[in-house]
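A.B. asks: Got a predicted structure plus its sequence, pasted below:
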Amino acid sequence: MAAFRCRTMRTLAGFFVVAATLGASADVVTQATSLYDRTRYEDSLRVLAQDTAPDAADYLLTGKNHFMLGDYKKAVDFFEKVLAVTPRSSEAELWLGRAWGRRAESSAMAIVYAGRAREAFEKAVTFDPHNREAKNDLFDFYLNAPGVLGGGVDKAEAAARGIATERPAEFEFEEAQIAEKRNDSAGAEKHLRRAVELAPGEPGRLVDLARWLARHGHLAESDRLFEEAEKLAPGKPGVIFAEAKTDIENHRNADKARRLLQSYLQAILTPDDPPRQEAEKLLRRVSQ
């Protein structure tokens, strides 16, 4: 099930907390973080390289830049440097888990790397039970990984229950994914609609439901929900991308999807938005 929710953590606020705690060069961190937040990852790396006394905060942002550029091996190295200085850093463990997970996708060491990803996600949640992104990623791992790697629907269910009170709409979203995993389409739809009811002002909840409806042939209602999401967040890149991708996946509205992707590529993106390369790939696909 496609997820609209962000998967790249609290980039700015969380990072400045780390920076303040660890005493990183304020000028370097501020400038490099600003570039990172505008997806100028290579420029951010060049600024960080100027720090003559790099510390854990520099290492964390350097690792995130390498992750975003697709160099997951370097990302692992820098996240491990963070943990060598601050062994109980929830954010470093979260990003380390993400990097190991990406390395597992294309390696003969997939089983080993996936196990390391799970361990890192579990540590991230243990070190900071309020780290929402860590909880999200751990849930996703449990739901999608086979039992031999430490995954399982039962574990995913237990993880979902842990956010039922603090984030009820997100809980319903995760319950929908579990229902989908069990081939319970009616249950998945019910949970997605409940998530929309609980968070009527969040365009992402409308997008989650719209994408699910499109996959199940309910195209008219899907289109209406995308329109509602656009009204809630005019020009929001994530909504634009999701609608274009949905149309392409359903082999319809090629001209509209093309216009949406062109608009997306001209938008100001953040690390939480799908990468430009993915939009360019979809644009090539719809232009064939």
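C.D. replies: All right, it came through fine.
A.B. asks: any idea which helix or strand of the chain has the worst average confidence?
C.D. replies: Within the chain, confidence by mean pLDDT, DSSP states H and E is lowest for helix 12-22 among all helices and strands, at a mean of 39.
A.B. asks: who does the helix or strand residue 30 falls within touch, helix- and strand-wise?
C.D. replies: Element membership of residue 30, judged by DSSP states H and E, is helix 26-37. Contacts defined by 3 or more Cβ pairs under 8 Å, 6 or more residues apart in numbering; DSSP states H and E place helix 26-37 against helix 12-22, helix 41-48, helix 56-68. Quick note: C-beta positions are derived from backbone N, CA and C, even for glycine.
A.B. asks: so it versus helix 41-48, what angle?
C.D. replies: Computed with axes from the mean of the first three to the mean of the last three Cα atoms, to 10 degrees, the direction of helix 26-37 lies at 170 degrees from that of helix 41-48.
A.B. asks: In helix 26-37, which residues are buried?
C.D. replies: 28-29, 31-33, 35-37 (16 or more other Cβ atoms under 10 Å).
A.B. asks: do stretch 141-154 as well
C.D. replies: Buried, per 16+ other Cβ under 10 Å, within stretch 141-154: 141-143, 145, 149-151.
A.B. asks: before we move on, the earlier item: any chance of the buried residues of helix 26-37 in a markdown table, plus distance to residue 104 and pLDDT?
C.D. replies: Formatted as a markdown table, the buried residues of helix 26-37 follow (distance: Cβ to Cβ, whole Å; pLDDT from 0 to 100):
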| residue | distance to residue 104 | pLDDT |
| --- | --- | --- |
| 28 | 32 | 91 |
| 29 | 30 | 87 |
| 31 | 33 | 95 |
| 32 | 28 | 97 |
| 33 | 28 | 97 |
| 35 | 29 | 97 |
| 36 | 25 | 98 |
| 37 | 28 | 97 |
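A.B. asks: For residue 176, state which of the residues you listed is nearest.
C.D. replies: Comparing the buried residues of helix 26-37 against residue 176 with Cβ to Cβ places residue 37 closest, at 30.5 Å.
A.B. asks: shouldn't the closest one be in contact with residue 270?
C.D. replies: Yes - here residue 37 reaches residue 270: they are 6.0 Å apart, a contact under Cβ atoms under 8 Å.
A.B. asks: Distance of residue 204 relative to residue 160?
C.D. replies: 17 Å (Cβ to Cβ, to the nearest Å).
A.B. asks: higher neighbour count, those two?
C.D. replies: residue 204 (24 against 21; other Cβ atoms under 10 Å).
A.B. asks: looking at it, the more buried one is touching residue 238, isn't it?
C.D. replies: Yes - with contacts counted by Cβ under 8 Å, residue 204 reaches residue 238, the gap being 7.2 Å.
A.B. asks: which residues touch the residue sitting furthest away from the middle of the chain?
C.D. replies: Centroid-distance maximum for the chain: residue 52 at 31.8 Å, with Cα atoms, centre = their mean. By Cβ atoms under 8 Å, 6 or more residues apart in numbering, no residues touch residue 52.
A.B. asks: if we can go back for a sec, TSV please, covering the buried residues of helix 26-37 and showing distance to residue 213.
C.D. replies: Output for the buried residues of helix 26-37, formatted as TSV (distance: Cβ to Cβ, whole Å):
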residue	distance to residue 213
28	47
29	43
31	44
32	41
33	38
35	38
36	35
37	33
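A.B. asks: List the buried residues in stretch 155-174.
C.D. replies: Buried, per 16+ other Cβ under 10 Å, within stretch 155-174: 155-156, 159-160, 162-163, 167, 169-174.
A.B. asks: and which of these is nearest residue 210?
C.D. replies: Proximity of these to residue 210 (Cβ to Cβ) peaks at residue 173, which lies at 13.3 Å.
A.B. asks: helix/strand/coil for the closest one?
C.D. replies: helix (DSSP: H, G, I helix; E, B strand; the rest coil).
A.B. asks: which residues touch the residue lying closest to it once chain neighbours are set aside?
C.D. replies: Excluding the flanking residues, the one nearest residue 173 by Cβ to Cβ, 6 or more residues apart in numbering is residue 195, at 4.9 Å. Applying Cβ under 8 Å, 6+ apart to residue 195 gives the contacts 169-170, 172-173, 176, 205, 208-209.
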